[in-house]
Every structure is written in structure tokens, then in C-alpha cells.
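Colleague: Return a 3D structure for these sequence lines:
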Amino acid sequence: MTQLLFINLNQSFLSRIKSESQQSALVTASMLQALRWITNPEMNISGIYLNPNDTTYSALRFLEISLLQRPATPIYLIDDDGELSGDKRTVLFESNHIRGTFRETEPYEFYVNALNLDLNPKLDAIHKRVPMKSEHVGYLAVPMIDFAHSRTYVFDVFVEDESKKLRLFATAGSPVEHEYLSHVSDKTSWLYVAESNVQEIRESIRSTQSGFITMDDFPVSWKTAEVLFNAKVLLNEMKKSGLNDTLVEQTHFVLSDVFYMMSHLSQGSQLAKFVDQAKNCDRTLACATMAILMCKSLKFEKNSIVEILGLASFFQDLALYQTPYGNLAEVRSKDLNPDAKAYYVQHPTLSADLVAQTTSIPDVTLQVMRQHHERKDRTGYPNRIGGMQLHPMAEVLSLINAYFDYDGQTDRLEQEVYTHYSDRIVVAFKSLLSVITHKKEDHHSNKLAA
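Modeller: Just a heads-up that it's a prediction; the model follows:
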């Protein structure tokens, strides 16, 4: 069954599309869910409709992944706010695999009419398969069904002849004609594209992305969570954790809000270079994500999570990025020499001082930063603060940091970590950790069974 995929934050629009398509369209406000669909080889997605105002992931990052997974599937923009006009739209269309634009007010039929959907039954029966490297060096094998829904070919495409050699089947820009595809489908389900052509578009997407990120007048929503795609720890945990889609989506929104605040705080200041490093630090992103998820179960207010814990999570290690001993952000303290370790112990205070000198960040956020390695029983560092003096959000962050210091060795957490923190914080963390580890075990067991 072929389906259209719509990614949009407007819930009323998604509900209308779902209704008008008689429940056949795939609709979501979550880029994470959209990625699951496009990477699923069982899904015959015939077209992708993307709203550039998404605040969860960079739309350009999504384009890059879509190109790798479905290089021939047509992609359209839904640009109701007119944010992409003139030169910006021209650049996107010419270099980034975009086929056209729609407005949210247009009926579902308008979206359908942009595609080739009147398929020959033989083509419609072809199952989607993951594009793969072929035995033909330098060429990518792409499922024929992906080309069937396009009106024109994006690339020069080739087909195997009787002697298993590749011959040109269609040139880029030529119309897709189903009778030719149907004829070829009797012999194969694959067409072939030069990997260099796909790579060329990928580089173009990255180049456009880099240029847009530095433009002050480009929509802020495209900048907010730009680096989330790079967060290997974050994405792996979110995908495998078993947390429901709503909670995952809400967490992404909170992270986006944090990124937005960070970007504005660092504009025009010497803090900018440190912020960029924080955004690309896997541990920082993982700490922030787990802290936000914990705080939801602890019933902390959203504004506090964003303005206090969110900012503190990302700013906590700024002083470690550029030190006399190199970048210490993802180095365990036990692996440091005495001089480097002495510096490391002071980094909570040094990071807070650095931020305080260059921004107007709230004092309570600075407090959480200074305490993000302190413990309830006063065994933490650098100042052995505990009891009622320890901010609850600092305790959350401290426990998560301790967890990562132990490389996730859950057998040692009970005796060597949990005893230093208050019961309420430990219970919330255990609850989150049990979901993550349980789902990972299920995933591993299923692979073994297969």
C-alpha cells in the first residue's frame, strides 16, 4: 500500500489530512516518528510533505536522511507562513531535492495530484526495500517503486542488461513513464544510481544548511535544535527507551526551547564558541535529555526545567572545553593526572563564573551549575554542599553525571551512587533507567531470537 507522509506541527491540519485521506496518510508532528517511517523498508511512502517550521529537528537534516533512505521519493514543502521566499526558496529547490511547495489550506487532493499514483498493478505490487550498495562498484541499488511515484527522474538511472552490465535507462529530468518501468519490472525490481550523484546532493544540503545557520534573518525555528541529529547518545536512548511518542516529542520541544535560549544568550559574546561545543557533546545532550525526563516525573514546572535545569545542563561543563590540559569534557576524572584532576574538580565553579561574566543568566541557574557534582550527603565536589543547601535540580543533574561516570554499570550504582542522594530523586531515576534498560534487553533478545 502506498502512503503519503506529512510532517507538521499544526494538529488541526494533520487531523484534516487524516480525515480527507480516509486514514491512509501518515501524519505526525514528530520528526522522530517520521524518521522511523522513512527508515522502515516495509513502508511504501510515495511522497513526503515537510513543514519547514518544525522546531524538533532541522528540516535540512531530515532531508539528508531522507535522501539516503529514499533517494527517489519526491519531497515537498508546506510553507504556509511564507518564510521561504525569493532567493531562499530558489536555493533550496535548485540544490536540495525539493519538488515544489504547498499551503496548509489546500485540500488533500492537491497533494496527491503532485504525484504519479496511477500505477500499473505490477508496479504497485513491488515492495519497498532499503537502497543498498550493489555489485556494480560506485552505484547504489534503488527500489523501482521509489521512482514510480516521481513525475521526473532526479538522477541519471541505469538498469542491468542481459549480461549483467549497466546501461542508461533514463536521464535526470526526463519524465517517468510507467509502461517502461512495468516492462523492466518483469526482470528486476531495481534501478541503479551513481553514488557520486547522491553524494553531490548531500553535500549541497550540508552547504545550504551551513549557510542558512549563519543568516540572522533565517527562521529561528530552523536553528533551534540543529545539532540534535548529531547526538548519538540522545537519539539511541530515545529510540530504544520505550518512552511513549508524546513524552519523546515533548522532551524534544523542551530541548528546542533550551537551544533557542542558548543561541540568544551567546549571540555576540565570547560564549558562542563554548556553546557550539556544548551542543555537540554527546554527554551534555544525554545529561540534558535524562534530566528533563526525570523532572517530568518529579512534576517540576516546564519554565523551571527550561530556564534552570536545561541551561545548567548545557552550560555545566563549559570550562572543560578549552583548558590547559586540552578538552576534558568527555574524559573521566579518574583518568586524569593530578594537575588536570585538580582543575577538573573546580570546573563547576569555573563554568558558572564564565557564564555569569558574559550573560544575564538567572542566579538560580548559576547555583545549579555550581552544584551539579554535589551530593545530598555532602560527599560531592567542589564544595561538599548538601542537605537543604543543595538545589533539587542540581541533585538531579549530579545523579545523572554520576551514572555516566560509572559508564552505566548498573550493578555498582546501588552501593556506590544511590546511597549519596535523596530517595525521591533516586526513585525517579530508577524508574527512567528501568524503562531504558528493559527495552534495550527486549531489543537484544528479539535480535537473538531472530
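Colleague: Do a quick rundown of the strands in the stretch 301-450 of the chain.
Modeller: Counting by DSSP state E, counting those that start in this stretch, the stretch 301-450 of the chain forms no strands at all.
Colleague: Tell me, please, where in the stretch 51-200 of the chain the pLDDT is lower than the cut-off.
Modeller: The stretch 51-200 of the chain contains residues with pLDDT under 70 at 52-61, 80-97, 117-122, 124-131.
Colleague: Quick one: the helices in it, in order.
Modeller: 59-69, 87-95, 108-113, 121-124, 144-148, 178-185, 195-213 (DSSP state H, counting those that start in this stretch).
Colleague: Then the stretch 351-450 of the chain?
Modeller: 363-370, 392-405, 410-416, 423-449.
Colleague: give me the element residue 5 is part of.
Modeller: strand 2-7 (DSSP states H and E).
Colleague: hang on, residue 48 in a strand?
Modeller: Yes - the assignment for residue 48 by DSSP: H, G, I helix; E, B strand; the rest coil puts it in a strand.
Colleague: Test my guess that it contacts residue 76.
Modeller: Yes - here residue 48 reaches residue 76: they are 7.1 Å apart, a contact under CB atoms under 8 Å. In short, each C-beta sits where N, CA and C put it, glycine included.
Colleague: out of the two, which sits in the busier spot?
Modeller: Neighbours per residue (other CB atoms under 10 Å) separate residue 48 from residue 76, with residue 48 holding more: 23 against 19.
Colleague: For that one, give me the pLDDT.
Modeller: Looking at residue 48, its pLDDT reads 90.
Colleague: on that earlier part again, what's the most buried one of the helices of the stretch 351-450 of the chain?
Modeller: Burial of the helices of the stretch 351-450 of the chain is given as mean neighbour count (mean count of other CB atoms under 10 Å); helix 392-405 ranks first at a mean of 23.
Colleague: can you tell me how far the residue nearest to residue 99 when sequence neighbours are not counted sits from residue 353?
Modeller: Among residues not flanking residue 99 along the chain, residue 74 sits closest, at 4.5 Å (CB to CB, 6 or more residues apart in numbering). Relative to residue 353, residue 74 is positioned 52 Å away (CB to CB, to the nearest Å).
Colleague: In terms of neighbours, single out the busier of those two.
Modeller: For residue 74 versus residue 353, neighbours defined as other CB under 10 Å are more numerous around residue 74 (23 against 16).
Colleague: The more buried one touches residue 114, doesn't it?
Modeller: Yes - between residue 74 and residue 114 there is a contact under CB under 8 Å: 7.3 Å.
Colleague: what's the overlap in contacts for those two?
Modeller: 47, 99, 151 (CB atoms under 8 Å, 6 or more residues apart in numbering).
Colleague: From those, list the buried ones, please.
Modeller: By neighbour count, with 16 or more other CB atoms under 10 Å, the shared contacts of residue 74 and residue 114 hold 47, 99 as buried.
Colleague: Now flag whichever of the shared contacts of residue 74 and residue 114 is closest to residue 326.
Modeller: Taking CB to CB as the measure, residue 99 is the one of the shared contacts of residue 74 and residue 114 closest to residue 326, at 46.8 Å.
Colleague: My understanding was that that closest one contacts residue 73; is that so?
Modeller: No - assessed by CB under 8 Å, residue 99 is found out of contact with residue 73, at 9.8 Å.
Colleague: Show me how the chain divides into domains.
Modeller: 2-117, 121-197, 224-449 (automatic domain parsing).
Colleague: So for residue 205, which of the ones you listed sits nearest?
Modeller: Ranked by CB to CB, the member of these that lies closest to residue 205 is domain 2-117, at 5.0 Å.
Colleague: Name the residues contacting each of residue 99 and residue 73.
Modeller: The contact lists of residue 99 and residue 73 share residue 150, where a contact means CB under 8 Å, 6+ apart.
Colleague: that older thread, show the contacting residues for the residue nearest to residue 99.
Modeller: Taking CB under 8 Å, 6+ apart, one finds 47, 48, 99, 114, 115, 149, 150, 151 in contact with residue 74.
Colleague: farthest-separated two in these?
Modeller: 48 and 151 (14.7 Å).
Colleague: Rebuild the shared contacts of residue 74 and residue 114 as a markdown table, extending it with distance to residue 193.
Modeller: A markdown table is the format used below for these (distance: CB to CB, whole Å):
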| residue | distance to residue 193 |
| --- | --- |
| 47 | 19 |
| 99 | 17 |
| 151 | 17 |
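Colleague: ok, so of the shared contacts of residue 74 and residue 114, who is nearest residue 325?
Modeller: residue 99 (51.2 Å).
Colleague: quick one: that closest one and residue 77, what's the gap?
Modeller: 9 Å.
Colleague: which non-adjacent residue is nearest residue 308?
Modeller: Using CB to CB, 6+ apart, the nearest residue to residue 308 is residue 365, at 5.0 Å.
Colleague: So that neighbour sits against residue 307, correct?
Modeller: Yes - contact criterion CB under 8 Å: residue 365 and residue 307 qualify, at 6.6 Å.
Colleague: show me what contacts residue 352?
Modeller: 315, 366, 369, 370.
Colleague: Name all residues that make contact with residue 308.
Modeller: Going by CB under 8 Å, 6+ apart, residue 308 touches 362, 364, 365, 368, 393.
Colleague: The fourth one and residue 310 touch, don't they?
Modeller: Translated: residue 368. No - at 10.1 Å, residue 368 does not count as touching residue 310 under the criterion of CB under 8 Å.
Colleague: Any idea what residue 75 is bridged to?
Modeller: For residue 75, the beta-bridge partners are residue 48, residue 98 (DSSP bridges).
Colleague: can you start the count at 377 instead of 1 from here on
Modeller: Taking 377 as the first residue, the last one we looked at is residue 451.
Colleague: Give me the number of neighbouring residues for it.
Modeller: Neighbour count for residue 451, taken as other CB under 10 Å: 21.
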